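In: kindly return the folded structure for what I paste below:
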Amino acid sequence: MFRLLTKIPIIGVILKVFNSYAYDGDVKADDQFAGILAWIKIYFFPFFICLSVAILLMPDFINSLLPCSYLSYKVEVTPGELATSILPNLLGFGIGVYALIFALDRKFVQDLQNGFEGYNKENNKSGSVLLLNTEMALPLIIITATIAIGIFQKIFIDHLYLRLASWFSFWLSMYFTLDLINNLFLMGSAHLSDNIKKHLTQTDTPPSS
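Out: Below you'll find the model as predicted:
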């Protein structure tokens, strides 16, 4: 069933990336579903946080669910405006960063894979260095979807649920972009620390006679 779904144009690519992220980049992600529990574990928190923020930015939506209008504040900006003005630049930057994957040093990639293998053995988990590829692709897919939703939200500006979807996808884009930056920072720090340690070791080693 999963393989059939991944053959659907566009939807198949999106499903593969989301499944690979839930699978921690494991190579099996292209052939089999990561499982409901894996999806809930990886996506519940960001989806819950982003949906909560989206709802809070829509007092009219909250008031429509309550017997009285308790919330009186108003949000002047629309999510479609933010999505179509900010995210295209972020998308271009992300594609540029994504292209750097093909320029990564082979030794750096091998060190990352060794780190994954050691972590997998200690914690009985699956995953590989391919997670880096997934972590870069996922925000780009969400940003692209957010821009598309934002365009429709600007066209149908008074549509309540479309505005909610636009706010939700906008904050989801922010969340996974920040998550990507955090992971790149951690990997960069680990790589630089390893190089510094090796340099200090070579410096302290006395020359052979």
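In: wait, isn't residue 159 in contact with residue 166?
Out: No: counting by CB atoms under 8 Å, residue 159 does not reach residue 166; the two are 9.4 Å apart. Bear in mind the C-beta positions are built from the backbone N, C-alpha and C, glycine included.
In: just want to know which of the two has more residues nearby.
Out: More crowded of residue 159 and residue 166, by other CB atoms under 10 Å: residue 166, with 28 against 13.
In: for that one, what are its contacts?
Out: 78, 79, 80, 83, 146, 149, 150, 153 (CB atoms under 8 Å, 6 or more residues apart in numbering).
In: with the residues you listed in mind, which one is nearest to residue 46?
Out: If you rank these by distance to residue 46 using CB to CB, residue 146 comes first, at 13.7 Å.
In: chain neighbours aside, what residue packs nearest to that closest one?
Out: residue 169 (4.1 Å; CB to CB, 6 or more residues apart in numbering).
In: okay, and that neighbour sits in which element?
Out: helix 160-204 (DSSP states H and E).
In: how far off centre is that helix?
Out: Once both centres are worked out by CA atoms, centre = their mean, to the nearest Å, helix 160-204 turns out to sit 10 Å from its chain's centre.
In: which one (most neighbours) among the contacts of residue 166?
Out: The most neighbours, when those are compared by other CB under 10 Å, belong to residue 146, which has 30 neighbours.
In: what ranges do the helices span in the chain?
Out: 2-6, 11-22, 36-56, 59-65, 79-99, 106-123, 130-155, 160-204 (DSSP state H).
In: tell me where this structure is predicted with low confidence.
Out: Applying pLDDT under 70 to the chain flags residues 69, 104-105, 107-109, 111-129, 190-191, 199, 203-209.
In: so which residue is smack in the middle of it?
Out: residue 176 (3.4 Å; CA atoms, centre = their mean).
In: my read: it touches residue 139, true?
Out: Yes: Residue 176 is within contact range of residue 139, at 4.3 Å (criterion: CB under 8 Å).
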